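Q: Okay, sequence plus prediction incoming.
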Amino acid sequence: KSLVISHVSYLSLLPFSDDFIKKIEQIIYEFLWNGKTHKVKKSVITQEFQSGGHKMIDIRTINTVQKLKLIKLYINNHNCQWIPICEQLINVKNHMFLFLGNFNLSEIQCHSEFYKELLTILHSLNSKNLNLKRENIYDQYIYYNKHITVDNKTIYEPEFINAGIWRGRDLFDSKGNVIEFNTLVKRGISKSKHILWQGIIAAIKRIMCNNKLTKINNDSNMEIKLPTNDIIHLSNSTSKDNYNKIIKLSCEIPPAIRKYMITFPELRRIDLENIFLLPRMSTTNNYIKDLQFQVLHRYLPTNYLLYKMNKVDSLRCSFCEIHTENIPHIFYYCVHVQTIWKDICGVLERLCSRKLTFKCQDVIFGLGFEHKLRKENILINNIILNVKAYIWDSRKYNSALRIDRLVNWFENAALVDKTLLEFIQELKTIVHS
């Protein structure tokens with residue numbers, strides 16, 4: 001981020017080909033996954049932490065945001081030296097309405113690869129803009145609008161602009177009635193434009209009638225509304241805000257969580273953000289946070305997964321050697337692991353003065369993930385995460401699960417995390433008994 005991406009951002013002032021972006025992404029993701037197969041989808045790994053991502057940089061979005069800055073400068077009437085060049089290379093009569101409008105990319109003549117890319121980016125965002133759908137025609141700019149055509153051509157008419165007719169709603173009064181053409185003539189529109197006026201009214205009414213649109217939006221800013229109800233105001237938003245909001249356009253539930261929903265149907269009824277934020281709130285240990293990330297995204301190399309990849313000869317559990325070693329089994333259902341959790345619950349009951357019984361979902365996702373994480377559960381989840389890390393460490397090094405070794409694990413963890421000290425003292429009583 002500090003050294004490389006700044007150069008890429010600078011280069012975004014040039015045309016970016018898809019091949020160039022793919023090469024940069026290949027370098028970045030080979031670094032992230034250490035040259036191995038990608039474990040998490042790119043559209044997921046670039047998401048925020050609470051959405052299951054790792055806030056990995058998205059080169060394509062960085063390029064988009066950098067080029068949107070030029071649109072912002074143009075809309076805000078900055079006195080930039082490149083603006084006359086832009087107006088010469090993009091062959092339209094009014095560039096402001098082009099950038100503000102819902103244009104048809106195939107109709108725009110552009111004599112520059114750079115500005116073609118800029119228009120393509122803006123057109124792509126327009127296609128995801130809820131405000132620019134056909135049903136919202138009442139609030140859209142009339143000019144260069146692909147939904148408003150006369151004789152199958154988009155419209156641009158300076159006389160209408162000078163008369164204050166910019167959006168579809170400007171042709172109607174407050175009661176939704178069409179403003180008489182004679183009224184528009186008094187504003188300076190010539191009578192020869194009557195046929196054009198009729199064509200515009202007919203196009204808008206046809207769309208409004210089909211969609212039974214009655215809602216009026218009086219916000220005059222250029223905006224791109226996302227499915228999450230976030231809005232990009234190109235005229236006054238920062239590049240960082242635009243980047244975060246564009247990332248949300250491709251925001252999705254991670255495929256691994258969708259698979260977990262089959263086993264744990266209750267996941268369908270909760271706020272999934274709690275699941276992903278819980279390890280970040282409960283511990284500062286990066287090894288443990290990374291382990292939980294692998295668990296949540298189901299790419300932890302258990303024997304079940306390794307067997308499917310032809311890496312091991314058996315998919316049996318490394319501890320009991322009876323059942324299939326998948327994530328729920330290795331961390332909860334294995335008889336050797338159940339003994340550990342029984343002892344942990346006993347210690348926590350004495351420590352927290354509350355009865356505890358861990359279910360599989362509590363171990364996999366955390367205790368109390370269904371609701372906003374309470375302070376009293378932070379320590380318990382910290383302990384659950386540490387026990388899981390100990391279990392996985394023992395499995396990795398073929399060590400038996402023993403309470404005395406678990407105590408040693410927590411003592412090492414307590415060198416950094418002092419909140420575990422009281423729990424360790426209670427855990428030692430089991431060893432001595």
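A: That came through fine.
Q: What is the distance between the longest helix along the chain and the centre of its chain?
A: Taking DSSP state H as the criterion, the chain has its longest helix at helix 375-396. Centroid separation for helix 375-396 versus its chain: 28 Å, with Cα atoms, centre = their mean, to the nearest Å.
Q: Check stretch 315-323 too.
A: On Cα atoms, centre = their mean, the centre of stretch 315-323 falls 38 Å from the chain's centre.
Q: Just the buried positions in it, please.
A: Leu315, Arg316, Cys317, Ser318, Phe319, Cys320 (16 or more other Cβ atoms under 10 Å). Just so you know, the C-beta spots here come from the backbone N, C-alpha and C atoms, and that holds for glycine as well.
Q: Most widely separated two among the residues you listed?
A: Pairwise distances across these peak at 13.6 Å for Leu315 and Phe319 (criterion: Cβ to Cβ).
Q: related to what we said a few turns ago, counting by contacts, list what the longest helix of the chain packs against.
A: Judged by 3 or more Cβ pairs under 8 Å, 6 or more residues apart in numbering; DSSP states H and E, the packing partners of helix 375-396 are helix 273-282, helix 286-296, helix 335-352, helix 360-365, helix 403-414.
Q: ends of stretch 302-313, how far apart?
A: In stretch 302-313, first residue to last residue: 12 Å (Cα to Cα, to the nearest Å).
Q: and the closest residue to Cys360 other than its chain neighbours, how many neighbours does it have?
A: Distance criterion Cβ to Cβ, 6 or more residues apart in numbering; nearest residue to Cys360, sequence neighbours excluded, is Tyr332 at 4.5 Å. Around Tyr332 there are 19 other residues, counting by other Cβ atoms under 10 Å.
Q: Low-confidence regions, the stretch 301-433 of the chain specifically.
A: Applying pLDDT under 70 to the stretch 301-433 of the chain flags residues 369-375, 433.
Q: 80 - rerun?
A: 368-376, 431-433 (pLDDT under 80).
Q: What are the buried residues along stretch 67-84?
A: Lys67, Leu68, Leu70, Ile71, Lys72, Tyr74, Ile75.
Q: Let me fix that, I meant to ask about stretch 297-314.
A: For stretch 297-314, by 16+ other Cβ under 10 Å, it's His297, Arg298, Tyr299, Leu300, Thr302, Asn303, Tyr304, Leu305, Tyr307, Val312.
Q: before we move on, what about stretch 8-20?
A: Quick answer for stretch 8-20 (16+ other Cβ under 10 Å): Val8, Ser12, Pro15, Phe16.
Q: What lies in contact with it?
A: Ile24, Ile59, Ile62, Asn63, Gln66, Lys67, Glu113, Phe114, Lys116, Glu117 (Cβ atoms under 8 Å, 6 or more residues apart in numbering).
Q: From those residues, which land in helices?
A: Ile24, Ile59, Ile62, Asn63, Gln66, Lys67, Glu113, Phe114, Lys116, Glu117.
Q: which residues of the stretch 51-200 of the chain fall in strands?
A: Remark: strands assigned in the stretch 51-200 of the chain by DSSP state E, counting those that start in this stretch are 90-91, 109-110, 149-150, 153-154.
Q: Pull up the gap between Ile247 and Leu348, please.
A: 39 Å (Cβ to Cβ, to the nearest Å).
Q: One more: Tyr260?
A: Taking Cβ to Cβ, one finds Tyr260 at 25 Å from Leu348.
Q: Could you work out the end-to-end span of stretch 324-339 for me?
A: Termini of stretch 324-339 sit 18 Å apart (Cα to Cα).
Q: returning to that earlier point: going by distance to Leu421, which of the buried residues of stretch 297-314 wins?
A: Nearest to Leu421 among those, with distances taken as Cβ to Cβ, is Leu300, at 29.1 Å.
Q: so the closest one makes contact with Gln294?
A: Yes: counting by Cβ atoms under 8 Å, Leu300 does reach Gln294; the two are 4.3 Å apart.
Q: picking up where we left off before, which one of the helices and strands packed on helix 375-396 lies nearest to Gln88?
A: helix 273-282 (48.5 Å).
Q: Which neighbouring elements make contact with that closest one?
A: helix 286-296, helix 375-396.
Q: by how many degrees do it and helix 286-296 diverge?
A: 160 degrees (axes from the mean of the first three to the mean of the last three Cα atoms, to 10 degrees).
Q: and helix 273-282, how far out from the chain's middle?
A: For helix 273-282 - counting by Cα atoms, centre = their mean - the centre lies 17 Å from the chain centre.
Q: Any buried residues in that helix, and which?
A: For helix 273-282, by 16+ other Cβ under 10 Å, it's Asn274, Ile275, Phe276, Leu277, Leu278, Pro279, Ser282.
Q: Wait, the second one touches Phe365, no?
A: Yes: Ile275 lies in contact with Phe365 (Cβ under 8 Å); the separation is 5.0 Å.
Q: what touches both of the two?
A: Leu267, Leu296.
Q: Now do the helices in the stretch 51-200 of the chain.
A: For the stretch 51-200 of the chain, the helices defined by DSSP state H, counting those that start in this stretch occupy 59-75, 83-89, 95-100, 113-127, 158-162, 181-186, 194-211.
Q: I'd like to know which of these lies nearest to Ala413.
A: Going by Cβ to Cβ, the one of the helices of the stretch 51-200 of the chain nearest Ala413 is helix 59-75, 37.4 Å.
Q: now the end-to-end length of stretch 35-47.
A: Across stretch 35-47, first to last residue, Cα to Cα, it's 21 Å.
Q: With stretch 82-94 instead?
A: Termini of stretch 82-94 sit 16 Å apart (Cα to Cα).
Q: same question, stretch 36-51
A: With Cα to Cα, one end of stretch 36-51 sits 24 Å from the other.
Q: Mean neighbour count added to the strands of the stretch 51-200 of the chain, as a markdown table?
A: What follows is the strands of the stretch 51-200 of the chain, written out as a markdown table (neighbours: other Cβ atoms under 10 Å):
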| stretch | mean neighbour count |
| --- | --- |
| strand 90-91 | 14 |
| strand 109-110 | 13 |
| strand 149-150 | 15 |
| strand 153-154 | 16 |
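Q: do you know which of the ones you listed lies nearest Thr339?
A: Here strand 109-110 is closest among those (Cβ to Cβ), at 69.9 Å.
Q: Can you spell out which helices and strands pack onto that closest one?
A: strand 90-91.
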